[in-house]
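generate coordinates for the sequence data below:
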Amino acid sequence: MASTVDRPSARRPGGRTARVRAQILAATAELVARDGIAGFRYEEVAEVAGVHKTSVYRNWPDREELVVEALLQYADDVGSVGDTGELRRDLVDFLMAIAEGLGRPIGRAIALAAEAAHESPAVRRVTTRIHEERATGTRRRVELAIERGELPPVDFSLLGEMLSGPVHLIVNRGIRPFTRADAERIVDVVLAGMRATTPRT
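Reported below is the predicted structural model:
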């Protein structure tokens with residue numbers, strides 16, 4: 001049986017149906033941001049979305065599927081690394097997207113949920129899927145960099161953690177804004193370290 005955290009495979013609806021779905025997903029993200037994943041109440045979605053409750057139940061009979069789809073939209077926003085042909089620029093843009101996402105209520109909710117993921121299997125599944133989406137996006141771009149000779153073969157997971165870790169630290173502290181200069185310094189240090197410590201084959 002398919003996992004409830006699989007991305008929904010239904011066709012993309014258009015017109016009014018698409019608008020209703022968008023309203024429901026936006027409401028879900030708003031509620032998760034306010035109450036957290038564990039505190040999210042399925043019953044409030046229709047009221048916040050301004051739609052009839054049957055629209056919610058018909059499209060998402062499973063509460064967890066609804067949360068996953070809403071949060072995966074967030075993951076899609078920050079889960080991919082662009083390809084301008086310049087690895088440094090692409091990674092800097094990626095870190096800026098992560099910082100922007102963490103600054104949104106939904107991003108903060110996901111970050112808090114990840115810290116408490118051990119308390120709920122459902123929360124753990126959702127946050128794991130989001131992190132997997134982000135890791136996949138990073139991996140694709142790094143694979144291209146290796147093929148082009150921009151990087152030696154590297155540990156994708158380690159590279160991703162070294163890049164994103166400082167972003168989370170700076171943003172979550174809230175002492176000062178995360179700047180492009182911060183992103184550039186992080187990328188420069190991480191890439192230099194990877195190139196210096198990873199032997200080329």
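
contacts, neighbours, all on C-alpha from now
Will do.

contacts only, for residue 80.
Contact criterion CA atoms under 8 Å, 6 or more residues apart in numbering gives 94, 134, 136-138 as the residues in contact with residue 80.

what helices and strands are in contact with the strand or helix carrying residue 89?
If you go by DSSP states H and E, residue 89 is part of helix 87-103. Counting contacts by 3 or more CA pairs under 8 Å, 6 or more residues apart in numbering; DSSP states H and E, helix 87-103 packs against helix 63-78, helix 105-115, helix 156-173, helix 180-197.

switch to 10 Å and redo it
Helix 87-103 is packed against helix 63-78, helix 105-115, helix 121-147, helix 156-173, helix 180-197, with contacts defined by 3 or more CA pairs under 10 Å, 6 or more residues apart in numbering; DSSP states H and E.

how far away from the center of its chain is it?
12 Å (CA atoms, centre = their mean, to the nearest Å).

report the buried residues of that helix.
87-88, 90-99, 101-103 (16 or more other CA atoms under 10 Å).

now tell me which of the residues you listed the prediction trusts least.
pLDDT across the buried residues of helix 87-103 is at its lowest for residue 103, which sits at 78.

could you measure from that one over to residue 132?
Taking CA to CA, to the nearest Å as the criterion, residue 103 is separated from residue 132 by 20 Å.

what do you get for residue 143?
Between residue 143 and residue 132 the distance is 16 Å, computed by CA to CA.

out of those two, which sits in the busier spot?
Here residue 143 and residue 132 are set side by side on neighbour count (other CA atoms under 10 Å), and the busier one is residue 143, at 17 against 14.

I figured that one hits residue 83, correct?
No. Assessed by CA atoms under 10 Å, residue 143 is found out of contact with residue 83, at 11.4 Å.

got TSV for the helices and strands packed on helix 87-103, with mean pLDDT and distance to residue 17 too?
Output for the helices and strands packed on helix 87-103, formatted as TSV (pLDDT from 0 to 100; distance: least, CA to CA, whole Å):
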stretch	mean pLDDT	distance to residue 17
helix 63-78	74	16
helix 105-115	70	24
helix 121-147	80	25
helix 156-173	88	36
helix 180-197	94	39
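
would you turn those helices into CSV with distance to residue 22?
CSV is the format used below for these (distance: least, CA to CA, whole Å):
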stretch, distance to residue 22
helix 63-78, 9
helix 105-115, 15
helix 121-147, 19
helix 156-173, 28
helix 180-197, 31
